[in-house]
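Participant: Please work out how this folds:
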Amino acid sequence: MEIIRLNPVFKDYIWGGHRLEKDFGFVSGFDKTAEGWMLACHKDGMNTANGGSFDKMPLDKILEQEGIEKLAGTNCLKFPYFPVLIKLIDAYDNLSVQVHPDDEYARRVENEFGKTEMWYVLDAEKGAQLIYGFKEKISKDEFRQAIENNTLLDKLNSVKVKKGDLFFIEAGTVHAIGKGALIAEIQQNSNCTYRVYDYGRVGKDGKPRELHIKKALDVSKTEPPKYDIKPFGKEEKHDGYISQRLAQCELFTVDRYKCEKALTLEADKTSFNHILVTDGRGEIDGMSVKKGDSLFVPANYGKYTVSGSLEFLITKI
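Facilitator: The predicted model follows:
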C-alpha cells in the first residue's frame, strides 16, 4: 500500500476568516473559510485522494475497495463507521456556544454518533478565549434559566488561550471556540451539534440561526471540566526530533512531533497513521510534504521515515 495524500473539504460557516488560505496556502473557493476537513469520511464531507493509484477517488470508496481492516487497521473493526474526523478551524469570529451528545443519545435521537473531541491550539491572537464547561456546578433548571435570561455567558468558564494549549472535550461538555484562535480538531466522526447561544447572529438566509435548547439541556453536563488545558504527556527530546502525547482515549490517540533532522515511525496492523503537517516542510519516504498536507498512512504499511524541518500531528485509533 502507498501513502495517500488527501484533498481537504472546506466549509464557509459565517464565523470563518482567511487564515487557512494565508497560513496554509489553501484555495477554498469561498469568500471566507471556517474549516478544512483534513481527514473526512462523512456524509457531510468526503476527502478525495490527491495523486497516486487512487487519484480523485473518494475516501469511502477507497476503504470499500481495499477493505477497512487492510487500510484502516484492526482497531477500526470495533466501530460501525470510520471513527475519526480531523479539521483545521479558523475562528475569525466567535463560534456558537454548543454541546455534543454521547453515542447513546445521538443514536437514539439523531441516528448519528456522539462526539468527543480535542482541540490543539496552533495559534491564538492576544486575548483570544475559549469557553470550556461551567465555572461551577449548577442544576439543569439553573442552566435553563440562564439561557432564558440571557445570562448564560456569566455561568460559563472562559479561558484565555495560547499556542500549544490542549482541550479535551468529552461529549456533554458545553464549549465554544472564541475569535482569534486557530485550532486543529480531532474528533469522533460525527457532525451532531446542539447550539445553546449564538450572539444573536443571523444566517445566510437573514434569519436567526436555529438553537437546540431542549436537546442541549438533555445532554449537557452542567459542571466544570474534568481536564486541564494542557497535553496529556510531557515533551520528550530525542536525537533529531521532539515528541509529545497530546491526548488519548478509546476513540483516538494523538501525538505531536517536531522533526529537526529525521525520525522513523511505524503504521502496524492495528491502525492507520494520519499525518497533519502543521508547519515547515520535508519528506516522508521520499514524498515531499509541506504545511497543510494531509496524509493517510495505511495500516500495516510498516516503518516510514520523516525528514526535514517540520511539525506534524499523528492520529491513530
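Participant: Does residue 277 touch residue 309 like I think?
Facilitator: No - Residue 277 lies out of contact with residue 309 (C-beta atoms under 8 Å); the separation is 11.3 Å. Where C-beta positions appear, they are placed from N, C-alpha and C, glycine not excepted.
Participant: Looking at the two, which one has more neighbours?
Facilitator: Neighbour count, other C-beta atoms under 10 Å: between residue 277 and residue 309, residue 277 has more, with 24 against 12.
Participant: Identify the residues contacting the more buried one.
Facilitator: 289-295, 310-312 (C-beta atoms under 8 Å, 6 or more residues apart in numbering).
Participant: What of residue 126?
Facilitator: residue 180.
Participant: So it, which state does it fall into?
Facilitator: coil (DSSP: H, G, I helix; E, B strand; the rest coil).
Participant: same thing with the one 5 residues further on?
Facilitator: Using three-state DSSP, the structure places residue 131 in strand.
Participant: Name the nearest residue to it, ignoring sequence neighbours.
Facilitator: Once flanking residues are discounted, residue 131 sits nearest to residue 176: 4.0 Å by C-beta to C-beta, 6 or more residues apart in numbering.
Participant: Likewise for residue 278?
Facilitator: For residue 278, the spatially nearest residue (C-beta to C-beta, 6+ apart) is residue 311, at 5.0 Å.
Participant: count of residues packed around the one you found?
Facilitator: 19.
Participant: Let's verify the residue nearest to residue 131: helix, strand, or coil?
Facilitator: Classified using three-state DSSP, residue 176 is strand.
Participant: what residue is smack in the middle of this structure?
Facilitator: For the chain, residue 185 is the residue whose C-alpha lies nearest the centre (C-alpha atoms, centre = their mean; 1.9 Å).
Participant: Surely that one is in a helix?
Facilitator: No - counting by three-state DSSP, one finds residue 185 to be strand, located in no helix.
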